[in-house]
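Engineer: Pasting the sequence and the predicted coordinates here, then a few questions.
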Amino acid sequence: MKKVILSIFVVVFAVLANAQEPYKFNEVINLEATPVISQGNTGTCWSFSSTSFLESEIIRLTGKQIDLSEMFTVRNTYPMKAENYIMRQGKAQFSEGGLAHDVLNAVEKYGIVPNSAFNGLLQDENRHNLSELVAILRSMVETYVKNPNGKLSKKWRAAIDGVLTAYIGGNPTTFEYDGKQYTSASFLEMTTLNPKDYVSITSFTHEPFYSKFVLNIPDNWSNGSFYNVPLNDMIATINYALEKGFTVELDCDVSESTFSSKAGLAVVPTFSENNKKALEGIYPEKQITQKYRQDEFENFTTTDDHLMHITGVLKDQNGTTYYKVKNSWGTDPNRNANGGYVYFSESYMRLKAISVTLHKQAIPKKIATELFIE
């Protein structure tokens, strides 16, 4: 009996000793992406991350590295948000938030432009700050819904557009890039991007698997549809895409104390008392089941609050998989480790990934067939 107890003690001691070992990462996959930038004082991570994703897609498709304008998409999405809010008489979401499909919808409708043609900064500005703009727009749409004239004014669209022009700038009609003249439509054509080639995938049990449904989360103001697959299939799809050279757009929860841009790490320790320590050294992580993921979503512990861009895979010294995820909070080393990237453990990805958006060719054939994606 003493030998058994001693053996158990030795095993536990060995595990705990190993658990505190500092992280050592080995890069397995590192796909090309444009430099990390900051979204500034804005809630437009959806545009910054999805634009980064499209920039990587352009690199994959054409070999060209193009700095696209995030604010051009923001500029053209707000009128659509206002239309949705006002026509629904205020019974809709109107905030800075959005999702990847909002960028794709804007690209399909308005095209894209390089940052050199439209950066959304006026006069001496060098950092995005949309706080005042958002407050004014919200006040405007709420006023139109209250309808103080007794009849909705026909001027509201022009008024919204005027405010956006004053704060971000007017849409360019033509511009020059690399010595050629373009419109936003012809520039999109030059990049060879096709917004219809991209799909969003999620994994929740309150809707049938291998079906398509509207995911009811606050930032899905445009009622975008998502393909629903089992959790293992969603992770397999992410892995397959990265292995085949496709980067992946990510909607996720970063509100947990175990997500840290300063540490450059996102993990899910087995025991909550290790949450802080696990950002510095390896501790055992929870095994995330489909049920646990669903429970955490339905009790609002998991929420969609940030979008990021998955560009690679790493392994730690124990062989655990991590995903290299590009953030949009800048590269200040006092606030952001890894040059602005955060390494997500597979457990964190399984639990906190609300959805992913990727090219339809980046989906494993078996899964694509079950989803009727051609």
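Structural biologist: Nice, thanks for sending it over.
Engineer: Just the buried residues of stretch 360-374, please?
Structural biologist: Of the residues in stretch 360-374, those buried under the neighbour-count criterion (16 or more other CB atoms under 10 Å) are 362-363, 367-368, 371. For glycine as for every other residue, the C-beta is placed from the backbone atoms N, C-alpha and C.
Engineer: And the helices in the chain, which stretches?
Structural biologist: Assigned by DSSP state H, the helices in the chain fall at 2-19, 45-62, 70-87, 100-110, 131-146, 156-167, 184-191, 231-243, 290-298, 346-352, 365-370.
Engineer: Just give the closest residue to residue 289, not the sequence neighbours.
Structural biologist: Distance criterion CB to CB, 6 or more residues apart in numbering; nearest residue to residue 289, sequence neighbours excluded, is residue 231 at 7.9 Å.
Engineer: Kindly report the same for residue 190.
Structural biologist: Here the nearest residue to residue 190 in space, its sequence neighbours aside, is residue 182; by CB to CB, 6+ apart that works out to 6.9 Å.
Engineer: what's near enough to touch the one you found?
Structural biologist: In this structure, residue 182 makes contact with 113, 174-176, 190, judged by CB atoms under 8 Å, 6 or more residues apart in numbering.
Engineer: Please pick the buried ones from the residues you listed.
Structural biologist: Of those, these count as buried by 16+ other CB under 10 Å: 113, 175, 190.
Engineer: wait, which of those residues is closest to residue 26?
Structural biologist: Nearest to residue 26 out of the buried ones among the contacts of residue 182 is residue 190 (CB to CB; 37.7 Å).
Engineer: before we move on, the earlier item: nearest to residue 204, out of the helices of the chain?
Structural biologist: Across the helices of the chain, residue 204 has its closest neighbour in helix 290-298 (6.1 Å, CB to CB).
Engineer: tell me the mean pLDDT over the closest one?
Structural biologist: When pLDDT is averaged over helix 290-298, the result is 98.
Engineer: what about stretch 288-308, distance to the chain center?
Structural biologist: Shown here is stretch 288-308, whose average C-alpha point lies 15 Å from the average C-alpha point of the whole chain (CA atoms, centre = their mean, to the nearest Å).
Engineer: for stretch 268-280, same thing?
Structural biologist: That offset, for stretch 268-280, works out to 24 Å (CA atoms, centre = their mean).
Engineer: Same check on stretch 277-292?
Structural biologist: Mean-position distance between stretch 277-292 and its chain equals 22 Å (CA atoms, centre = their mean).
Engineer: Quick check: end-to-end length of that stretch?
Structural biologist: Terminal residues of stretch 277-292 lie 23 Å apart, using CA to CA, to the nearest Å.
Engineer: Out of the buried residues of stretch 360-374, flag the one nearest to residue 242.
Structural biologist: residue 362 (8.6 Å).
Engineer: what are the C-alpha coordinates of stretch 44-60, in PDB please?
Structural biologist: The C-alpha trace of stretch 44-60 is given here as PDB (Å, rounded to 0.1, in the frame of the first residue of the first chain):
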ATOM      1  CA  THR A  44     -14.300  47.500 -35.900                       C
ATOM      2  CA  CYS A  45     -12.200  44.300 -35.300                       C
ATOM      3  CA  TRP A  46     -14.600  42.600 -37.800                       C
ATOM      4  CA  SER A  47     -13.400  44.900 -40.600                       C
ATOM      5  CA  PHE A  48      -9.700  44.800 -39.600                       C
ATOM      6  CA  SER A  49      -9.500  41.100 -39.200                       C
ATOM      7  CA  SER A  50     -11.600  40.200 -42.200                       C
ATOM      8  CA  THR A  51      -9.600  42.700 -44.400                       C
ATOM      9  CA  SER A  52      -6.400  41.000 -43.200                       C
ATOM     10  CA  PHE A  53      -8.000  37.700 -44.200                       C
ATOM     11  CA  LEU A  54      -8.800  39.000 -47.700                       C
ATOM     12  CA  GLU A  55      -5.300  40.400 -48.000                       C
ATOM     13  CA  SER A  56      -3.900  36.900 -47.400                       C
ATOM     14  CA  GLU A  57      -6.400  35.600 -49.900                       C
ATOM     15  CA  ILE A  58      -5.100  38.000 -52.500                       C
ATOM     16  CA  ILE A  59      -1.500  36.900 -51.700                       C
ATOM     17  CA  ARG A  60      -2.600  33.200 -52.200                       C
END
